[in-house]
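Engineer: whatever this is, show me its structure:
(2 chains)
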Amino acid sequence: MQEFIQQVVSGLASGGIFASLALALVLIYNAMGLVNFAQGEMAMFATFIAYTLISHGLNYFIAFPLTLGLAFVGGVLIERVVIRPVERAPVLTLVIVTLGLATLVNGAAGFFFGYTPNYFSSPFSTHTVNILGAFASYQDLSVIAVSAVVLLAIFLLLQRTTIGLTLRAAAHHPEASRLLGIRVSWMLALGWGLASAVGAVSGIMVAPILLLEPNMMQTIIIYAFAAAVLGGIDSPLGAVVGGLIVGVTVNLVGAYVVGGDLELAVALAIIVGVLVLKPNGLFGRAAVRNV
Amino acid sequence: MSALLELEDVHCGYGQTSVLHGVTLSVPEGGIVSLLGANGAGKTTTLRAITGGVRWLGEIRFAGRSLRRMPTEDIVSLGISHVPEGRGILTELTVDENLKLGAHKRKDGAAVHKDYDRVFEYFPVLRERRRLSASTLSGGEQQMLAVARAMLMKPRLMLLDEPSLGLAPLVVRSIFEIIRTINQTDHVAVLLVEQNARLAFELSSDAYVLEVGRVAVSGKSADLQGQESVRRSYLGY
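Structural biologist: The predicted structure follows:
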């Protein structure tokens, strides 16, 4: 039982990481009906920026928000420079563009930072604390806490502020939103900025667990896809719930059933299973298409 | 009265299909003008041209200022609120959020508050349904929400695209009454597109009848209403 609880807690920690990246995917999917295949690579690049800042002596707790700010600006710039010219193109074009972007960001990270894995130290120790008889590491607990704060902040931004309201309006009804004076095109850029910052959180959280190198996020993005699909690709709440479910499931199945090597296969099974059995996920809206 | 909105020889179309072949019309400051005509005559397209939804040739001026190449968001900020065909309700959002978006660019907080009170006085049903998703409203309630939201934008000109479409006669009557009230109390000019010519003539001072992308007849609403030939040839009653 004790081990089971420990597996759940560490599953929740990975779940928080998946949830952040899944939320980034959902933000962009909502804004333009597009799965951003470069999301993981953008998060990895942001993590390298955090790593560089910290290795130049900056305090972790200053480098972290600073990186999120830089990631936000980077996301806005990418949208303005790379996405804007193809904004109205068919979705397949956009998918190819984001795949190209993923390769480009990956290559740029290798060029600037090298392919040697770096140890990214976390300010939170891996010592464990005893909670009700189960042991959880401070690192896991901090990942859960940081993810919760970030997800809550995004929720409040979207649901409780005017800018969040205009973001949601622009995402669902671009034409009607323009008539209300909303700058829809800038809302897309803002969405990319937010997604980039939220994704960066997942990169910075996962880096101390894995090693930081340009391909760090390539498995994490699969888990994030599983989380987003499970939650319903257009639902921010779904991304969070999906992330936690995927994190815990993968951890438990990995520990008790298939072994650690097949954890990624569990994520893929979730993706396929959801798409076959319940394509809209847990919280997604049914897709209605006018023909 | 000086013209608030002027269209001069406006041509436009979608792709290869040309829809407007030189429309000229004007809406005076504080006036109500109706734009009539059969399906496909170009009424909706005229409104879309004004708010930059389609590219056009010719000239469109609002308060003396050319709207050429201006993006929709900027045109709207000049003081034009456009209730489009299909009402433009954001059905993913609540009634309250829809109303908030109407006023989201205004800086005059106290006046916004007063306008909210007036909106709820005109349309009490919207107050009752504030927290509900806009998708749960009936057609008439959605039209009320659209007009209320347009009013909260504090425009100088409202463009209304068939506010009567699909609504019960009693509902239509009350919405038209409120449009008249808004016009009189706030001095908002109205350009009204309607299929229901009888109602439009009653509400407006001037009218234009479009036929295949051109103004076929125009004049005082009262005069046009009296001419049987106009009614027979263009308006079908």
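
Engineer: in chain B, what residue is nearest chain A?
Structural biologist: residue B:88 (3.7 Å; Cβ to the nearest Cβ). Placement of C-beta: from N, CA and C, glycine included.

Engineer: that residue and residue B:146 touch, don't they?
Structural biologist: Yes. Residue B:88 is in contact with residue B:146 according to Cβ atoms under 8 Å; the separation is 6.4 Å.

Engineer: quick revisit: show me the contacts for the residue of chain B closest to chain A.
Structural biologist: Taking Cβ atoms under 8 Å, 6 or more residues apart in numbering or on different chains, we find residue B:88 in contact with A:173, A:175-176, A:179-180, B:82, B:146.

Engineer: also residue A:118?
Structural biologist: By Cβ under 8 Å, 6+ apart, the contact list for residue A:118 reads A:51, A:211-213.

Engineer: before we move on, what about residue A:12?
Structural biologist: For residue A:12, the contact set (Cβ under 8 Å, 6+ apart) comprises A:140, A:144, A:244, A:247-248.

Engineer: quick revisit: generate a PyMOL selection restricted to the buried entries among the contacts of residue A:118.
Structural biologist: Filtering the contacts of residue A:118 down to the buried ones (16 or more other Cβ atoms under 10 Å in any protein chain shown) takes a single PyMOL command:
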select buried, chain A and resi 51+212+213
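
Engineer: which one in the contacts of residue A:118 is the model shakiest on?
Structural biologist: Lowest in pLDDT among these is residue A:211, which has 91.

Engineer: quick one: that one from chain B, how far?
Structural biologist: According to Cβ to the nearest Cβ, to the nearest Å, residue A:211 stands 42 Å off from chain B.

Engineer: residue A:119 versus that residue, what's the distance?
Structural biologist: Per Cβ to Cβ, to the nearest Å, residue A:211 is found 6 Å from residue A:119.

Engineer: repeat that for residue B:90.
Structural biologist: Distance, residue B:90 to residue A:119, using Cβ to Cβ: 49 Å.

Engineer: per-residue pLDDT, residue 134?
Structural biologist: Going with chain A. Listed pLDDT for residue A:134 reads 76.

Engineer: let's do chain B instead
Structural biologist: With respect to pLDDT, residue B:134 scores 93.

Engineer: hang on, residue A:229 in a strand?
Structural biologist: No. Counting by DSSP: H, G, I helix; E, B strand; the rest coil, residue A:229 is not part of a strand but helix.

Engineer: do I have it right that it meets residue A:273?
Structural biologist: No. Using Cβ under 8 Å, residue A:229 is not in contact with residue A:273, being 9.4 Å away.

Engineer: settle it for me: which of these two has more neighbours?
Structural biologist: residue A:229 (29 against 13; other Cβ atoms under 10 Å in any protein chain shown).

Engineer: ok, so what distance separates that one from chain B?
Structural biologist: Residue A:229 is 21 Å from chain B, where distance means Cβ to the nearest Cβ.

Engineer: which residues touch that residue?
Structural biologist: Residue A:229 makes contacts with A:242, A:270-271, A:274-275, A:281, as judged by Cβ under 8 Å, 6+ apart.

Engineer: how about a cut-off of 10 Å?
Structural biologist: Residue A:229 is in contact with A:22, A:25, A:35, A:238-239, A:242, A:246, A:267, A:270-275, A:278-282, A:284, counting by Cβ atoms under 10 Å, 6 or more residues apart in numbering or on different chains.

Engineer: what's the answer for residue A:192, then?
Structural biologist: Residues near residue A:192 by Cβ under 10 Å, 6+ apart: A:24, A:27-28, A:31-32, A:36, A:39, A:42, A:72, A:74-80, A:82-84.

Engineer: looking at those, which are in helices?
Structural biologist: A:24, A:27-28, A:31-32, A:39, A:42, A:72, A:74-78 (DSSP state H).
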